[in-house]
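# the sequence and its predicted three-dimensional model are supplied below.
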Amino acid sequence: MTTRRNFIKIAGLTGAAVMANPVDAFSNPIKQEKMDSEIQNKWLDGSRLVVSVSMQFEAGGQPENAESPFPQNMQKGYKDLPGETWYQYGYKEGIPRMLDNWDKHGIKVTSHMVGSAVLQNPALAKEIVQRGHEAAAHGMNWSSQYAMSYEEEKKFIKAGADAVKSVTGFTPVGYNANWLRRGENTIKILQEIGFMYHIDDLSRDEPFIIQANKKDFVVVPYTIRCNDIVLIEGKNFSSDQFFNQVKAEFDQLYAESEFKRRQMSISFHDRIGGTPQMVKTTSDLLDYMKKHSGVTFKRKDEIAKMTLQDKSSIRE
């Protein structure tokens, strides 16, 4: 696999060969096949590796006594008050700190917003969009939509998206179900009400196109490997371990991206990824990634649009 610069050089030499001998220039089908393969393996904008960052805006929309670092042994009828403060950290400190970090590094991210969380903290939701980030839908609350009827789920998805739009002015085109657990009707519903992509899929390291209601619909794969949710109990990973895991993933995907189109996903949650040590770790990771040529950072709506425009995108 050649670099983009060498590919341009090869293309130029091929053009010269055509002028000198138009028959010989295309007499070798193997050479032409190799060049076609190189074109297909590139991102449409010439990127080598695209990094997609998610910032989950969920705090404030969680159910009572939701999972937290504290023992799950609350007696019925009582509120887990310290657990609630753990979630409050997400919108009081976490997201504001992450927003400053994205600005510092000049990258834009996708924020998957729970509708009820947005309604509770509208100023913060507006700020996310005002600072250039994508607002994607993440349901109205943390309900299990896979267990809903068709009409119930459609109403649930639309309510969450409408909440995001009414507060931020941004129309969501991307969707993430709670714990990725979509139902049999989810993708069909998303296409019907105007969504362009969803992320509830772990099957590839590049985006691809599927059919929903006989129309193109994009899958922008998510991650549970490079995801701070492993820290949810505050004891699984240290920030150093997180750094090493994400770096190893980046190094491997960057090596593969010489030969094939690659996307790397990283996900941060408001009350976890927004802690001081995690933001410092994230900053160090971004510094490392940005030193590699051909690496770009894109919002998921940008990735989805590019995937639809690219005739070489994988179709399933």
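That came through, no problem.

# what's in contact with stretch 136-143?
Contacts made with stretch 136-143 from outside it, assessed by Cβ atoms under 8 Å, 6 or more residues apart in numbering, are listed as 56-58, 61-63, 66, 110-116, 145, 156-157, 159-161, 163-164, 172-178, 195, 300-301. C-beta: built from backbone N, CA, C; applies to glycine.

# err, stretch 204-218, not the other one
187-188, 190-192, 195-198, 219-221, 253, 256, 260-264, 303-304, 307-308, 313-316.

# buried subset of the residues you listed, written for PyMOL?
Only the buried members of the contacts of stretch 204-218 end up in this PyMOL selection, burial being decided by 16 or more other Cβ atoms under 10 Å:
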select buried, resi 187+190+191+195+196+197+198+219+220+221+253+256+261+262+263+264+303+304+307+308+313
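
# just the ones of the contacts of stretch 204-218 in helices?
Here DSSP state H is the test, and these give Ile187, Lys188, Leu190, Gln191, Glu192, Leu253, Glu256, Ile303, Ala304, Thr307, Leu308 as lying in helices.

# Gly83: which of these is nearest?
Comparing these against Gly83 with Cβ to Cβ picks out Leu190 as the nearest, at 31.7 Å.

# so Gln145 makes contact with Glu184?
No - taking contacts as Cβ atoms under 8 Å, Gln145 lies outside contact range of Glu184: 10.9 Å.

# who's more crowded, these two?
Counted by other Cβ atoms under 10 Å, Gln145 and Glu184 do not tie: Gln145 has more neighbours, with 23 against 9.

# ok so, going back, can you name the two of the ones in helices among the contacts of stretch 204-218 that sit furthest apart?
Taking every pair in the ones in helices among the contacts of stretch 204-218 and measuring Cβ to Cβ, the maximum separation is 35.7 Å, between Glu192 and Glu256.

# now stretch 141-159, how far from the centre of its chain.
Computed by Cα atoms, centre = their mean, to the nearest Å, the chain-centroid distance of stretch 141-159 equals 22 Å.

# what's the answer for stretch 199-213, then?
Stretch 199-213 has its C-alpha centroid displaced from the chain centroid by 12 Å (Cα atoms, centre = their mean).

# and if you look at stretch 155-166?
Stretch 155-166 sits 20 Å away from the centroid of its parent chain (Cα atoms, centre = their mean).

# and if you look at stretch 50-64?
Computed by Cα atoms, centre = their mean, the separation of stretch 50-64 from the middle of its chain amounts to 11 Å.

# what mean pLDDT does that stretch get?
Model confidence over stretch 50-64 averages 92 on the pLDDT scale.

# show me where pLDDT drops low in the stretch 101-250 of the chain?
Residue ranges of the stretch 101-250 of the chain with pLDDT under 70: 232-234.

# go again with 80.
Of all residues in the stretch 101-250 of the chain, those with pLDDT under 80 make up the ranges 230-236.

# who's in contact with Phe243?
The contact partners of Phe243, taken as Cβ under 8 Å, 6+ apart, are Thr281, Asp284, Leu285.

# alpha carbons only: can I get the helix or strand that contains Lys165 in PDB?
Following DSSP states H and E, one finds Lys165 within helix 150-168. The C-alpha trace of helix 150-168 is given here as PDB (Å, rounded to 0.1, in the frame of the first residue of the first chain):
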ATOM      1  CA  TYR A 150     -43.700  -0.500  17.500                       C
ATOM      2  CA  GLU A 151     -45.800   2.600  18.300                       C
ATOM      3  CA  GLU A 152     -44.400   2.900  21.900                       C
ATOM      4  CA  GLU A 153     -40.800   2.800  20.600                       C
ATOM      5  CA  LYS A 154     -41.500   5.300  17.800                       C
ATOM      6  CA  LYS A 155     -43.100   7.700  20.300                       C
ATOM      7  CA  PHE A 156     -40.100   7.200  22.700                       C
ATOM      8  CA  ILE A 157     -37.500   7.900  20.000                       C
ATOM      9  CA  LYS A 158     -39.300  10.900  18.600                       C
ATOM     10  CA  ALA A 159     -39.800  12.400  22.100                       C
ATOM     11  CA  GLY A 160     -36.100  12.300  22.800                       C
ATOM     12  CA  ALA A 161     -35.200  13.700  19.500                       C
ATOM     13  CA  ASP A 162     -37.800  16.500  19.800                       C
ATOM     14  CA  ALA A 163     -36.400  17.400  23.200                       C
ATOM     15  CA  VAL A 164     -32.900  17.800  21.800                       C
ATOM     16  CA  LYS A 165     -34.100  19.900  18.900                       C
ATOM     17  CA  SER A 166     -36.400  22.100  20.900                       C
ATOM     18  CA  VAL A 167     -33.600  23.000  23.300                       C
ATOM     19  CA  THR A 168     -30.500  23.100  21.000                       C
END
